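Trainee: What shape does this take:
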Amino acid sequence: CVSLAVSRLSRIVSSTDLKDYMYYFIAAPWLSVKLLRLLQSYSQPEDSAVYERLKESLETILNRATDPPKSKKIQHTNAKNAVLFEAINLIIHYDSDAALMVRSCNLLGGFLN
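Mentor: Numbers count the residues shown, from 1 in each chain. A predicted model of the protein is given here:
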């Protein structure tokens, strides 16, 4: 179940051809949020390949959070932040990668300013 969820999340995050599932320039944010929440129900993947794929997906989500907005609509910001906050929740849940944790804290600190 975990490997399948990581695989789907990776395809959503890295894909640019999901035109039918784009919501204000964000690829399937509702599905990304659900997959990230599902992954929080399980422990960290023991398979190193699955964990590396998940880590790459989380890094991509954190990188996109710092990109300038592609739209000034509030829906774009809400979708982007929903995926970002669930990714940060998953990083906190696993608490295994210090670099991701530091980046998450820095992004959260940016919301406080």
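Trainee: Give me the pLDDT for Ala82.
Mentor: With respect to pLDDT, Ala82 scores 92.
Trainee: and the closest residue to Tyr21 other than its chain neighbours, how far is that from Lys72?
Mentor: Nearest residue to Tyr21 in three dimensions, chain neighbours excluded: Ala28, at 4.2 Å (C-beta to C-beta, 6 or more residues apart in numbering). In short, each C-beta sits where N, CA and C put it, glycine included. Ala28 sits 22 Å away from Lys72 when distances are taken as C-beta to C-beta, to the nearest Å.
Trainee: mind showing which ranges of this protein have poor pLDDT?
Mentor: 16 (pLDDT under 70).
Trainee: Break down it into its strands, ranges please.
Mentor: With DSSP state E, the ranges of strands along the chain come out as 22-23, 26-27.
Trainee: list the contacts for Ser104?
Mentor: Each residue near Ser104 by C-beta atoms under 8 Å, 6 or more residues apart in numbering is listed here: Leu62, Ala87, Ile88, Ile91, Ile92.
Trainee: Count the neighbours of the first one for me.
Mentor: The one in question is Leu62. Neighbourhood size, Leu62 [other C-beta atoms under 10 Å]: 18.
Trainee: Burial check on the closest residue to it other than its chain neighbours, number of neighbours?
Mentor: Among residues not flanking Leu62 along the chain, Arg103 sits closest, at 5.3 Å (C-beta to C-beta, 6+ apart). Arg103 has 19 neighbours, counted by other C-beta under 10 Å.
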